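Asker: fold the stuff below for me.
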Amino acid sequence: MGLSTFIDEGDPYREPEPDESSPVETEPSPVIESDLEITVIEEDAAAQAFALPATPKLDVDESAISGGLIEVVRDAALAGDNLIVSGGTDSFDHFVVLDIATGEVKWQQHGEDVLPGADVEVWAPGLDAKFAPPSVMQGPDGWLVLVPYTGLNFRVAGETSESGVAALSAEDGSVQWTAPLFEYNPDHETNQILNGIAVSGGTVVADVGVVRTDNTAAPLPEAAFADFRTVALDAADGSMLWEAPGTSVFNVLGSLEVAGGMVYAADAEQMVLGAPSEIVGLDLATGTGLWTFAEEDRYVRVETAVAGAAMLHLSSNPEWTHPAEQSVLLDAATGETLASVDTQVDCVNDGITRMACTFADLGGSEPVVQLFTFDAADPGIGIAADPLPSSVRWPTALLSGWIVIQDEDTRNLVVDAAGKGVSSAKQFGVPVTASEAYAVVAGRADGAILDDLNLYAIE
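Answerer: Numbers count the residues shown, from 1 in each chain. Sure, this is the predicted structure:
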């Protein structure tokens, strides 16, 4: 999960200014309610010993920025021994692929450049879509970079353009396959648009949403809900495996959540008419809906998901302008509730079975932040014995199994790989992404822009 997930969302943990004219009323402390076993996470030496190497393996800024390739860096992704740096100006409209061993540029792609070997562009910034950094996956013949694309006619009034997902070789950027999913016509009142790409095993999942061509705030026509689709593609050749009409994550989840053989989507008709109050669990293999989660008079979205479980946010506010009023942990197989807490939790996961979450506790004499962990492989909840200081914002990354939590001074607390020990604060920057071999860390984050980006080899 990239850093951009955790920024520009406001600070739900900030202590409110007291009103001196009246007594200060404290809120009740949120309590995790669950039938699962709850254990206490103690301080331990293993977590305290965690550290990144003193010297980075690769100065990313020097390789990607100093040569004028990218004006600003917004995110990064690892694909084997390749580092993909995303950036540009006001969106992810340019990316550079670096050889980690040498720091040299293997290839680069701008959003308005024709893909090598194909009569299509990577994506269309003119569609007013802010895409996440490119998704990456291990393909049958090496690592792939998955990006949206659109045909060259999208600029021509009255012409339609084939649009969909393109798979590029991480080694040289050559097109391995394209999967056309819809046609874009600038003269139509509404159009479909690729809202997100996610990968799991040998499957690529894409979310096809609907936008108004004139980009106004007017609501979509009710008939448009049928044009929302969740689709699954074979990573080997881009062929269609299944599609689930009337479902989408568009404007709901923030990112496409696929984990443990499940795809989490919303009812598209509800999104067109207001905001979704249901989440549907789709089988990744077939696209079949296995269960539906709904709460009366509540809107719902997915915070994060791992194999075996998903964390949902619930709110009575359809605009989501305030923190969620409740967070619910679901069993991925059944959609049943495993645990809940009456406040918003912010989570990261290890991409497999573990998640770590924090939430604000304003009920005591001093505001604090509570940390808890969950592992679907051995279902149970671990709660930190000592609350974290209120300066802690949210978990920002998992570095090779270590949960990293950042405070407002860019110091980091670390939880050990088993989720059973918490370290004291360390200072090593803002974690961006990691694999088993490497960690990418920014010196600081200014809004959505990352500065002083370095790659470390994890020892």
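
Asker: domain map for the chain?
Answerer: Structural domains annotated on the chain: 32-55+345-428, 193-228+235-342, as defined by automatic domain parsing.

Asker: worst mean pLDDT among those domains?
Answerer: Out of these, domain 32-55+345-428 stands lowest, with a mean of 73 (criterion: mean pLDDT).

Asker: and stretch 235-250, what's buried?
Answerer: Buried residues in stretch 235-250, counted by 16 or more other CB atoms under 10 Å: Ala235, Gly238, Leu241, Trp242, Ala244, Gly246, Thr247, Ser248, Val249, Phe250. In this view, the C-beta of every residue, glycine as well, is placed from N, C-alpha and C.

Asker: just stretch 200-210 next, same as before
Answerer: Buried residues in stretch 200-210, counted by 16+ other CB under 10 Å: Ser200, Thr203, Val204, Val205, Ala206, Asp207, Val208, Gly209, Val210.

Asker: with stretch 335-351 instead?
Answerer: Buried residues in stretch 335-351 (16+ other CB under 10 Å): 335, 338-350.

Asker: just the ones of those residues in strands?
Answerer: Residues of these located in strands (DSSP state E): Leu338, Ala339, Ser340, Val341, Asp346, Cys347, Val348, Asn349.

Asker: out of those, what pair is the most spread apart?
Answerer: Ser340 and Val348 (19.4 Å; CB to CB).

Asker: hang on, the earlier thing: make TSV from the ones in strands among the buried residues of stretch 335-351 and add distance to Gly139 to it.
Answerer: Shown next, in TSV, are those (distance: CB to CB, whole Å):
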residue	distance to Gly139
Leu338	34
Ala339	37
Ser340	39
Val341	40
Asp346	33
Cys347	29
Val348	26
Asn349	23
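
Asker: and which of the residues you listed is nearest Ser86?
Answerer: Val348 (19.2 Å).

Asker: any idea what that closest one is bridged to?
Answerer: Beta-bridge pairing for Val348 (DSSP bridges): Ala356.

Asker: count of neighbours near Trp143?
Answerer: Per other CB atoms under 10 Å, the neighbour tally for Trp143 reads 19.

Asker: for Ala309, see how far away it is.
Answerer: For Trp143, the distance to Ala309 equals 28 Å [CB to CB, to the nearest Å].

Asker: could you do Ser277 as well?
Answerer: Applying CB to CB to Ser277 and Ala309 gives a distance of 21 Å.

Asker: out of those two, which sits in the busier spot?
Answerer: Ala309 (25 against 18).

Asker: how close does the more buried one get to Met137?
Answerer: 22 Å.

Asker: wasn't Asp61 part of a strand?
Answerer: No: per DSSP: H, G, I helix; E, B strand; the rest coil, Asp61 lies outside any strand segment and is helix.

Asker: just the terminal-to-terminal distance for stretch 100-114.
Answerer: Taking CA to CA, to the nearest Å, the first and last residues of stretch 100-114 lie 26 Å apart.

Asker: just use 307 as the starting number from now, easier for me
Answerer: Right, with 307 as the first residue, what we last looked at is stretch 406-420.

Asker: for that stretch, which positions count as buried?
Answerer: Of the residues in stretch 406-420, Ile406, Gly409, Lys412, Trp413, Gln414, Gln415, His416, Gly417 count as buried by neighbour count, 16+ other CB under 10 Å.

Asker: switch the residues you listed over to CSV; also include distance to Ile755, secondary structure and pLDDT.
Answerer: Below are the buried residues of stretch 406-420 laid out as CSV (distance: CB to CB, whole Å; DSSP: H, G, I helix; E, B strand; the rest coil; pLDDT from 0 to 100):
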residue, distance to Ile755, secondary structure, pLDDT
Ile406, 22, coil, 93
Gly409, 21, coil, 88
Lys412, 24, strand, 90
Trp413, 23, strand, 88
Gln414, 19, strand, 84
Gln415, 20, strand, 80
His416, 18, strand, 75
Gly417, 18, coil, 68
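
Asker: closest to Ala565 among those residues?
Answerer: Taking CB to CB as the measure, Ala565 lies nearest Ile406 of these, at 26.5 Å.

Asker: quick one: residues contacting that closest one.
Answerer: Lys363, Leu364, Asp387, Asn388, Leu389, Tyr744, Leu761 (CB atoms under 8 Å, 6 or more residues apart in numbering).

Asker: mind doing that once more with 10 Å?
Answerer: 363-364, 366, 369, 384-389, 743-744, 761, 763 (CB atoms under 10 Å, 6 or more residues apart in numbering).

Asker: give me the subset of those lying in strands.
Answerer: Secondary structure assignment by DSSP E places Leu364, Leu384, Ala385, Asn388, Leu389, Tyr744, Leu761, Ala763 of these in strands.

Asker: weed out the non-buried ones from the residues you listed.
Answerer: Buried residues within those, counting neighbours by 16+ other CB under 10 Å: Leu364, Leu384, Ala385, Asn388, Leu389, Tyr744, Leu761.

Asker: quick revisit: identify the farthest-apart pair in the ones in strands among the contacts of Ile406.
Answerer: Greatest spatial distance among the ones in strands among the contacts of Ile406 (CB to CB): Ala385 and Ala763, at 16.1 Å.

Asker: mind listing the residues bridging to Leu404?
Answerer: Leu389, Val411.

Asker: quickly note the distance from it to Ala385.
Answerer: Distance from Leu404 to Ala385, by CB to CB: 10 Å.

Asker: so which residues of the stretch 557-706 of the chain form helices?
Answerer: Secondary structure of the stretch 557-706 of the chain, counting by DSSP state H, counting those that start in this stretch: helices at 574-579.

Asker: which parts of it are strands?
Answerer: With DSSP state E, counting those that start in this stretch as the criterion, the stretch 557-706 of the chain has strands at 563-565, 568-573, 584-589, 595-600, 605-612, 615-621, 632-637, 643-647, 652-655, 660-667, 674-681, 687-690, 694-695, 698-705.

Asker: could I get those as TSV with distance to Gln498?
Answerer: What follows is the strands of the stretch 557-706 of the chain, written out as TSV (distance: least, CB to CB, whole Å):
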stretch	distance to Gln498
strand 563-565	20
strand 568-573	16
strand 584-589	19
strand 595-600	21
strand 605-612	21
strand 615-621	26
strand 632-637	29
strand 643-647	34
strand 652-655	30
strand 660-667	32
strand 674-681	36
strand 687-690	41
strand 694-695	44
strand 698-705	33
